[in-house]
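Novice: Give me coordinates for this.
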Amino acid sequence: MKVLILFAHPRPSRSLVQRMLYDAVRELSGITVHDLYAAYPDFEIDVEREQERLLAHDVIVLQHPFYWYSSPAIIKEWLDRVLEIGWAYGPGGNRLHRKFLMNAISTGGDAAAYHHGGRNRFEIADLLSPFNQSAHLCGMGYLEPFAVFAGHWMTSEDLALRISDYQGLIEGLRDGHIDPLTRLAKGYTLPLAFEGHRSQKKRHAT
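Specialist: Predicted coordinates for the structure are as follows:
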């Protein structure tokens with residue numbers, strides 16, 4: 001599958017974890033890594049170019065720090081501008097059907113903080129639900145988020161292993177060793193756009 005990574009960090013030089021995630025994938029063959037802040041320092045998104053880029057890929061990864069239980073501002077601007085009605089959703093909006101969306105995030109808090117009763121009160125999946133629903137509205141599959149929790153507290157060995165996990169996931173999706181349908185977010189119901197696709201896969205499997 002063709003994988004597009006939309007990287008968003010306003011100050012990447014200050015983030016060891018995001019720099020390591022970025023470096024792990026930016027030179028992989030067959031992977032497109034697109035730095036949104038570098039491309040659009042003025043937030044003037046080239047909508048047509050971004051839509052063309054989406055059409056050329058199967059899996060779209062939003063890689064970003066988990067700012068205020070969400071994403072850096074440019075991702076919201078990108079979503080607002082690029083995912084237009086009549087193109088990504090709504091009447092005639094079928095251009096993203098059967099593609100996949102995933103968040104790849106780094107957090108300041110540890111995994112234990114992201115649970116009901118924990119310091120942050122909600123699980124990561126709950127806090128990322130706007131992305132989950134956006135994918136569903138656009139007829140996309142939403143994959144289990146990839147998260148590096150409290151990377152600044154990890155040993156260098158543990159952090160390197162987690163970075164390797166990310167690289168392996170991206171390579172697995174690219175090479176077809178990982179079927180994205182087996183990595184859907186917990187409880188995610190595929191939109192109707194996948195109905196024919198699933199039936200076709202079943203026929204090929206028999």
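Novice: mind checking which helix or strand of this structure has the lowest mean pLDDT?
Specialist: When each helix and strand of the chain is scored by mean pLDDT, DSSP states H and E, helix 195-205 comes last, with a mean of 54.
Novice: ok, longest helix in this protein?
Specialist: Assignment by DSSP state H gives helix 156-175 as the longest helix of the chain.
Novice: and that one, average pLDDT?
Specialist: Across helix 156-175, pLDDT averages out at 95.
Novice: what's around residue 77, how many residues?
Specialist: 16 (other Cβ atoms under 10 Å). Heads up, the C-betas are built off the backbone N, CA and C, glycines and all.
Novice: before we move on, what about residue 96?
Specialist: 22.
Novice: dump the residue contacts of it.
Specialist: Contact analysis of residue 96 by Cβ atoms under 8 Å, 6 or more residues apart in numbering lists 54, 83, 88, 138-140.
Novice: Tell me the predicted confidence for it.
Specialist: 98.
Novice: Which stretches in the chain count as helices?
Specialist: For the chain, the helices defined by DSSP H occupy 16-25, 36-39, 47-55, 73-82, 124-127, 129-137, 156-175, 195-205.
Novice: CSV for these, including distance to residue 145?
Specialist: Below are the helices of the chain laid out as CSV (distance: least, Cβ to Cβ, whole Å):
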stretch, distance to residue 145
helix 16-25, 13
helix 36-39, 18
helix 47-55, 19
helix 73-82, 14
helix 124-127, 6
helix 129-137, 8
helix 156-175, 11
helix 195-205, 23
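Novice: Residue 65 is nearest to which of the ones you listed?
Specialist: Nearest to residue 65 among these is helix 16-25; the distance by Cβ to Cβ comes to 5.9 Å.
Novice: In the chain, where is pLDDT below threshold?
Specialist: Applying pLDDT under 70 to the chain flags residues 197-206.
Novice: Residue 152 - how many residues pack around it?
Specialist: 11.
Novice: Ok, residue 140 next?
Specialist: Other residues close to residue 140 by other Cβ under 10 Å number 25.
Novice: Quick check: phi and psi on it?
Specialist: Torsion angles at residue 140 (phi, psi; degrees, to the nearest 10) stand at phi -110, psi 160.
Novice: Please tell me how far it sits from residue 66.
Specialist: According to Cβ to Cβ, to the nearest Å, residue 140 and residue 66 sit 21 Å apart.
Novice: do residue 176 as well
Specialist: Separation of residue 176 from residue 66 (Cβ to Cβ): 29 Å.
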